[in-house]
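1. build me a model:
(4 chains)
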There are 2 protein chains.
Amino acid sequence: MGASARPGAAPAASFDAFGAKSAQYKPHEVVFYEGDPADRIFEVARGTIMLFKLLPDGRRQVVEVLRTGDIFGIPNGDEQDCTAETLTDARVNMLDLTQVEGSPAIQRQLTRCLVAQMQSLHEHAVLLGRKSATERVASFLMHLVPDRGTNACAGPVDESNDTRQVKLHMTRQEIADYLGLTIETVSRVISDLKRRGVISVERNDEIRLNKVCAVCQLTGRH
Amino acid sequence: MGASARPGAAPAASFDAFGAKSAQYKPHEVVFYEGDPADRIFEVARGTIMLFKLLPDGRRQVVEVLRTGDIFGIPNGDEQDCTAETLTDARVNMLDLTQVEGSPAIQRQLTRCLVAQMQSLHEHAVLLGRKSATERVASFLMHLVPDRGTNACAGPVDESNDTRQVKLHMTRQEIADYLGLTIETVSRVISDLKRRGVISVERNDEIRLNKVCAVCQLTGRH
DNA sequence: CGGAAGGTTGAGGAACCTCAAGCATGGTGG
DNA sequence: CCACCATGCTTGAGGTTCCTCAACCTTCCG
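-> I've put the predicted structure just below:
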């Protein structure tokens, strides 16, 4: 659930202006682990990052997928509640807690980000609690299309040419853990959508939505 | 997922100090509907409130259950993304957006609340995406026990007398919509726990956990 | 006493998971 | 250049969990 299509989402890389430290990551590097001491706040300056939680027996749930401008890792208590791992090459800004407390400008921006992310989490709760496998995958794909798949869907710009290629940046396993499914179910749904002509799989992590509206119809929101 | 056991949660009814308006509600009254104009922020001064979203075909997901001190309805864009409905008698404080923007004190508290609620949403995503029906119900019950069922579980104070009565404040249908199950499944799980002697149902919305630790063992977090 | 609302229980079915085998793709080394 | 392997993905068969539909029970209240 990226921030790209979120109304009110923060502009990119805004902590730069506040003298934040920053770090570079390759795909599938861990920024911090669940249980690590939490004493800073983080911002995605570039790339995509996922937050996930593990159950003791190894079950995993990806709880958020964050894009440029999103913030994460804000302390509540003194431990991180999730593990943060990059999906792509990424740059992350880090800001000390004391800096945050002192700046009303950062506070305001923080609030805006948090509220936007909270709404994404609400939407995702509906997906996890009430949607079928097909609806979950369709919703996932729609969230990768800027300005569609959110409440404020712009609709097709050009009816006759309503196609779009999206890059997933996630393996089937990660998608499954995000959508509360198994890898096999995700694979089967994608194969089925392919068979029905709704999508084309160009590469494993690159999918063409042949008719964006048709995918949108499958999300359960219509 | 109440705030009562959340480390860092706000103290009760803190907006009082900022000259907030407040309103009284009976059980099952709507505070606002999804789609209503969003121009204020709300705080639970007393009682319990749930936020839920509906799909067009009537499926419902309760996304948050809020207790005293929690805030909700914060605008992002100009429409509410959820419906807010009381579960019990409740009092709600309302603060104008302009008041919030002007006060760093409110901002700070807002941030603290939002981060705490976000962690609850993370936990709930794990429940919805990865837990079995029994694990969901057990987790739900544990969240009604102060200082247990969260990461910071205090453990039994007195091993030999580790029993606790909890009041649900929710119908089976509401619990089902919160846990991503059907009313029948919730009922069956409760009957099963009863049969196994883990809980006793004193009244429909009042349950005794005969051994809190035993219930905790069923949550999937052990 | 009768009705309404909420809850329980049972039988059967659908959706998704598990387990297992096989298929692509890409990289490495002979 | 091609065999080989590793990783990730797909497909199939069968099983489990939960859902659906329907009947019945319980409690409360007029």
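2. number of nearby residues for residue A:57?
-> Residues near residue A:57, counting by other C-beta atoms under 10 Å in any protein chain shown, number 9. To be clear about C-beta, it is placed using only N, CA and C from the backbone, and glycine gets the same treatment.
3. ranges for the helices of chain A?
-> A:97-102, A:104-130, A:133-143, A:172-179, A:183-195, A:212-217 (DSSP state H).
4. could I get the ones you listed as CSV with mean neighbour count and mean pLDDT?
-> Putting those into CSV (neighbours: other C-beta atoms under 10 Å in any protein chain shown; pLDDT from 0 to 100) gives the following:
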stretch, mean neighbour count, mean pLDDT
helix A:97-102, 14, 85
helix A:104-130, 22, 94
helix A:133-143, 23, 98
helix A:172-179, 22, 98
helix A:183-195, 16, 98
helix A:212-217, 19, 95
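5. and these: which comes nearest residue B:76?
-> helix A:104-130 (4.3 Å; C-beta to C-beta).
6. now find how far off-centre that closest one is within its chain.
-> Put simply, helix A:104-130 sits 11 Å off its chain's centre (C-alpha atoms, centre = their mean, to the nearest Å).
7. same check, this time on stretch A:37-49
-> Using C-alpha atoms, centre = their mean, the offset of stretch A:37-49 from its chain centre is 13 Å.
8. quick one on the thing from earlier: so which of the helices of chain A gets nearest residue B:122?
-> Closest of the helices of chain A to residue B:122 is helix A:104-130, at 7.6 Å (criterion: C-beta to C-beta).
9. let me know the angle separating the closest one from helix A:133-143.
-> Put simply, helix A:104-130 runs at 150 degrees to helix A:133-143, going by axes from the mean of the first three to the mean of the last three C-alpha atoms, to 10 degrees.
10. can helix A:104-130 be said to contact DNA strand D?
-> No. Helix A:104-130 lies apart from DNA strand D when judged by C-beta under 7 Å from any atom of the strand; the minimum separation is 8.7 Å.
11. near DNA strand C at all, that helix?
-> No. Helix A:104-130 stays clear of DNA strand C (C-beta under 7 Å from any atom of the strand), getting no nearer than 10.2 Å.
12. now for that helix, which elements pack on it?
-> Judged by 3 or more C-beta pairs under 8 Å, 6 or more residues apart in numbering or on different chains; DSSP states H and E, helix A:104-130 is in contact with strand A:60-66, strand A:71-72, helix A:97-102, helix A:133-143, strand B:49-54, strand B:60-66, helix B:104-130.
13. which parts of chain A sit against DNA strand C?
-> A:132-134, A:180-182, A:184-185, A:203.
14. bridging across strands, which residues link to the residue most central in space within chain A?
-> Most central in chain A under C-alpha atoms, centre = their mean is residue A:65, positioned 2.4 Å from the mean C-alpha point. Per DSSP bridges, the residues bridged to residue A:65 are residue A:50.
15. doesn't residue A:50 make contact with it?
-> Yes. Using C-beta atoms under 8 Å, residue A:65 makes contact with residue A:50 at a distance of 5.1 Å.
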